[in-house]
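In: pasting the structure only:
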């Protein structure tokens, strides 16, 4: 199938390389013209490393022209960080056509941001947007055009906006991820599967001292201690309570299953945490106030969870506490600078109106 991948980070290169390895026609868009020129000079290829060895794969196109990238693409995958979504959505919106599916893994309710951009651009194409609970790959770039995939996702709960387009969207995404996609309802359900705002805020806040002290720190190895795990489980219980209060049923993909050796299989399958830490790819320099775990998962992800909790009538003290501490570290009020239903233009919408919007999409 024809697939467009947007972005130049770890997830985008893993996606482009893995899809090309599967035999799909892949077009990669990124904004950095110098990097695109260098990629052309390197033959528009990606060296992908996984448990089966090294794979030198060819991309159909590498470009700075987003229109060229997405033209005739059945699936458009954008694994860029949540804080980059608004800008990318604005650039993408005029180019979308009937039947295309935009997949955001994960998105923090970014589906609504992309759909809003299409509406604001005056584009009347029938496009569907979807999001899931995690990046489909545990991955890190090892060079400008080289990427290592430690694990591929085994289960991806996917929510679709608008929900009435779910059958088509799930079919298209399922061809790119055979045997992995599990429909979980609408886009808000998909957003409330996002694992990043659960696993990463306790890690980056409760490890703030060693992060600032050591030159390099593996937040998932030395940073994942029993006390932090207990806090993570309690924070995740707030997420599940919000899902249940909003009427979403199981499975909720509790993060405890990510670490467990028995019971329900989580998104990355068994033993994924050990394989992640064994890879050594997450031992890195972390700038506390700038890292994606702070700016995407805490500032945006937890503010969205807190906002959804307020709508659902659920008390979320841990989410609010991490937002307050993270905001103090960064000198901001994260409930004001983060992502909330109000900041998405949905502050005055009640639950019935929101459910209608999630099902039908924005009016034509």
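Out: All right, it came through fine. Here the structure is a predicted model, which means the values were calculated and not measured.
In: Is residue 221 in a helix, a strand, or coil?
Out: Under the three-state scheme (DSSP: H, G, I helix; E, B strand; the rest coil), residue 221 adopts coil.
In: Okay, it and residue 275: tell me how far apart.
Out: According to Cβ to Cβ, to the nearest Å, residue 221 and residue 275 sit 12 Å apart. In short, each C-beta sits where N, CA and C put it, glycine included.
In: Nearest the middle, which residue of the protein would you pick?
Out: With distances taken as Cα atoms, centre = their mean, the residue of the chain nearest its centroid is residue 106 (1.9 Å).
In: Please give the three-state secondary structure assignment for it.
Out: Going by three-state DSSP: residue 106 is coil.
In: tell me the average confidence for stretch 253-260?
Out: Mean pLDDT, computed over stretch 253-260, is 89.
In: end to end, how far does it reach?
Out: 12 Å (Cα to Cα, to the nearest Å).
In: buried residues in that stretch?
Out: The neighbour-count check on stretch 253-260 (16 or more other Cβ atoms under 10 Å) flags 253, 254, 255, 257, 258, 259 as buried.
In: give the contact list for the second one.
Out: Translated: residue 254. Shown in contact with residue 254 (Cβ atoms under 8 Å, 6 or more residues apart in numbering): 233, 236, 240.
In: what's the answer for the fourth one, then?
Out: The neighbourhood of residue 257, defined by Cβ under 8 Å, 6+ apart, consists of 263, 264, 265, 266.
In: excluding its backbone neighbours, what's nearest it?
Out: Take residue 257 and drop its neighbours on the chain: the residue closest to it by Cβ to Cβ, 6 or more residues apart in numbering is residue 266, 3.9 Å away.
In: Would you confirm that that neighbour contacts residue 272?
Out: Yes - contact between residue 266 and residue 272 holds when scored by Cβ atoms under 8 Å: they sit 7.3 Å apart.
In: Of the two, which one has the most company?
Out: residue 266 (24 against 19; other Cβ atoms under 10 Å).
In: Now that one: phi and psi?
Out: phi -90, psi -180 (degrees, to the nearest 10).
In: picking that back up, what is in contact with residue 266 and residue 272 at once?
Out: Joint contacts of residue 266 and residue 272 (Cβ under 8 Å, 6+ apart) are residue 258.
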